[in-house]
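Visitor: Build me a model from this:
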Amino acid sequence: MAVAIKPLGRAATFALAAVALLAGQMVALLALTWWYGQSLGHLPNFSGDGAAISLIIAVSTPVEVGLLALFARRASAGAADYLGLIWPRRGEVVFGVAAMSAMVVLIVAGNVLSWLLGRNLVTPFQLNIYKTASAGGWLLWLWLAIVVFTPIGEEILFRGFLFRGWLRSPRDVWPVIVVTSLLWALIHVQYDWYTIGQIFVFGLLLGWMRWATGSTLLTILLHALINSEGMIETFVDLKWLT
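Guide: Next up, the predicted model:
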């Protein structure tokens with residue numbers, strides 16, 4: 001017999017999510033001090049360093065996900081079910097493929113709009129981390145960090161833990177989708193407001209997919225698709241457009 005999942009309280013959900021996120025970042029910063037042999041107060045600005053970004057993501061994500069799984073396990077008989085880490089059904093996979101197609105259309109539309117507005121298709125942050133990672137021999141690690149680690153960590157946090165903890169009834173669906181999408185967009189402080197707005201729109205689609213299928217694994221896959229497209233765009237921009 002399936003055990004009903006009782007989510008944590010809304011305030012507790014937010015507090016524990018913040019703890020997991022900050023703990024992951026702190027451990028990653030400590031890893032940077034060890035890697036570069038400098039104290040925390042003397043670390044340089046690594047905001048555009050592909051190697052440092054790869055290291056931060058690779059270290060912080062397992063810490064964050066591990067804590068979220070621990071919190072979920074204390075609230076439920078199974079952390080995987082609580083976080084939505086279940087395989088979608090066959091029909092949901094077909095639905096996911098259709099969503100992927102819609103996502104590609106959105107990306108292309110966003111690129112056309114960017115071009116019409118005279119904007120670069122790739123942000124300076126993307127270009128900088130790609131170039132520095134390539135120059136330092138960290139390009140494979142950057143791809144893994146952006147395409148694998150980042151979707152896992154962010155989806156489990158926003159579409160897994162927060163979504164489960166805040167959704168109480170059918171009338172909560174769109175408020176929860178909007179709020180989690182907004183929070184997800186706002187953590188991307190490395191981008192300008194135009195790009196953050198695009199991220200918010202993708203968050204709405206991912207949140208809807210999470211609600212419609214119940215599967216965070218599916219949103220991880222879709223998130224990985226978005227990030228892969230961004231990395232490919234960066235590669236094309238550096239190789240042929242500059």
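Visitor: Tell me how many other residues surround residue 206.
Guide: For residue 206, the count of nearby residues is 29 (other CB atoms under 10 Å). For glycine as for every other residue, the C-beta is placed from the backbone atoms N, C-alpha and C.
Visitor: wait, doesn't it sit right on residue 222?
Guide: Yes. When contacts are counted by CB atoms under 8 Å, residue 206 is listed as touching residue 222 (6.1 Å).
Visitor: lowest-pLDDT helix or strand in this structure?
Guide: helix 90-116 (a mean of 71; mean pLDDT, DSSP states H and E).
Visitor: following that one, which helix or strand comes up?
Guide: Using DSSP states H and E, the next helix or strand after helix 90-116 towards the C-terminus is helix 124-135.
Visitor: Can you list the buried residues in the very next helix or strand once past that following helix?
Guide: Moving toward the C-terminus from helix 124-135, the next helix or strand (DSSP H and E) is helix 139-144. Within helix 139-144, the residues that qualify as buried are 139, 141, 142, 143, counting by 16 or more other CB atoms under 10 Å.
Visitor: Quick one: residues contacting the third one.
Guide: For residue 142, the set of contacting residues under the criterion of CB atoms under 8 Å, 6 or more residues apart in numbering consists of 50, 51, 53, 54, 129, 130, 133.
Visitor: how many other residues sit next to the closest residue to the first one other than its chain neighbours?
Guide: Counting by CB to CB, 6 or more residues apart in numbering, residue 133 is the residue found nearest to residue 50 once chain neighbours are left out, at 2.7 Å. By the measure other CB under 10 Å, the count of residues near residue 133 is 23.
Visitor: go on, residue 43?
Guide: Residue 43 has 14 neighbours, counted by other CB under 10 Å.
Visitor: got the contact list for the most centrally placed residue in the chain?
Guide: By CA atoms, centre = their mean, the chain has its centre lying nearest to residue 154, at 3.3 Å. With contacts defined as CB under 8 Å, 6+ apart, residue 154 is in contact with 184, 223.
Visitor: secondary structure class for residue 210?
Guide: helix (DSSP: H, G, I helix; E, B strand; the rest coil).
Visitor: Does residue 181 touch residue 210 like I think?
Guide: No. Here residue 181 does not reach residue 210: they are 10.5 Å apart, not a contact under CB under 8 Å.
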